[in-house]
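> Okay, sequence plus prediction incoming.
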Amino acid sequence: MKIYRNIDDYDQEKGAVVTIGTFDGLHHGHQEILKKVVNSSIEKKLSSVVLTFFPHPRTILNKYNNIRMIDTLDEKINQLDKIGIDSLIIQPFDKSFSLLTADQYIKDFLVEKLKLKHIIIGYDHRFGKGREASVVDLKSYSKEYNFTVEEIEAQEIETIKISSSKIRNSINEGDLETTKKYLGRNFKLTGKIIKGDGLGKKINYPTANIFVKEKYKIIPKDGVYFIRTLIKNKSYNGMMNIGHRPTIGSNDKSIEVHLFNFNQDIYNKEISIDIILKIRDEKKFSSIEALKQQLKKDENYCLKLINK
């Protein structure tokens, strides 16, 4: 898959089958649409193109919108790459782009830049300044600019919206089993390993502190989780705490991972964590010793899950 960070950089000569959207989470519903794009491009002997926007248009059009995303941009790219799309265009979305008229958007971008021949789009798609135009207008433009429109029906779009909502809610509640059911894969957290205060090492549970730089990424509810990660092509299981570590009186929220049977220096490395299951809520213990005893119980519980 070829990646373009601006529509102006797109340089393919072949006509395109295009779909447009944020595709956050890239769950089953999204994947069905993208399969249609790939299959249609093969059938019509055209290129398959996904046009997405970053940052999310809602955050630009409404400064009070605090939307949290299921995937970071890099995580989304990795998922899209598995589907077989030829080209991904990540168009920077800013005020000037939002002020394009419907005619400019269709003629200058979709037709002239992307060489649009066929578009697969939701029934509720809006475009142009102030979201002035709809699929009805798109179909009118198609006659003028010689492309065809395949409209995704209301029922399919509403199912996708419901799935996305359920995924976000389940992540917020720490219900990662429901998340996996709708997402079709484990929810991931990706971040850089940074230095912590070293307390974990002192109680025989050394932890890697993860810094997630993307502030728009959804972080699951505070608690202890069973996790899995891949380091140097080897899979490791472990447990992760998200929260404020009330036993030691910390005010700062942290994400700490303890990996089983692991003894490597991974500071400043990027790590991607599959969060599989919430074990328990975060809790304040009466002492460090009581915390240590609970961590042993958590570890044993995780080991039972591994050996199931």
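Cool, the structure landed. Numbering: from 1, shown residues only.
> show me the residues around His244 that make contact.
222, 250-254, 282 (CB atoms under 8 Å, 6 or more residues apart in numbering). For the C-beta atoms, the positions are set from N, CA and C on the backbone; glycine is no exception.
> Need the pLDDT of it.
Per-residue confidence (pLDDT) for His244: 90.
> One more: Ser164?
Listed pLDDT for Ser164 reads 88.
> How about it: what's its closest non-neighbour residue?
Excluding its sequence neighbours, the residue lying closest to Ser164 (CB to CB, 6 or more residues apart in numbering) is Gly25, at 6.0 Å.
> returning to what we had before: would you convert the contacts of His244 into TSV that also reports secondary structure and distance to Ile266?
As requested, the contacts of His244 are exported to TSV (DSSP: H, G, I helix; E, B strand; the rest coil; distance: CB to CB, whole Å):
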residue	secondary structure	distance to Ile266
Asp222	coil	24
Ser250	coil	22
Asn251	coil	26
Asp252	coil	21
Lys253	coil	21
Ser254	strand	16
Glu282	coil	24
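> which one of the residues you listed is nearest Lys308?
Nearest to Lys308 among those, counting by CB to CB, is Glu282 at 24.9 Å.
> Quick check: phi and psi on that closest one?
With angles defined as degrees, to the nearest 10, Glu282 sits at phi -70, psi 140.
> which residues touch the residue nearest to Ser164?
If you count contacts by CB under 8 Å, 6+ apart, then Gly25 has 70-71, 164, 167, 183 around it.
> Do a quick rundown of the strands in the protein.
Counting by DSSP state E, the chain has strands at residues 2-4, 16-20, 47-54, 87-92, 116-122, 148-152, 187-194, 208-211, 223-231, 234-243, 254-259, 270-280.
> show me what contacts Ile266?
Neighbouring residues of Ile266 by CB under 8 Å, 6+ apart: 193, 208, 231.
> Pull the number of nearby residues for the closest residue to Ser40 other than its chain neighbours.
Once flanking residues are discounted, Ser40 sits nearest to Val17: 4.8 Å by CB to CB, 6+ apart. By the criterion of other CB atoms under 10 Å, Val17 has 28 neighbours.
> repeat for the one 3 residues further on
A count of nearby residues for Ile20, using other CB under 10 Å, gives 19.
> Show me what it bridges to in the sheet.
Leu51 (DSSP bridges).
> On the pLDDT front, check it for me.
Ile20 carries a pLDDT value of 95.
> Now that it has come up, it's in contact with Leu116, right?
No: Ile20 sits out of contact with Leu116 when judged by CB atoms under 8 Å, with a separation of 10.4 Å.
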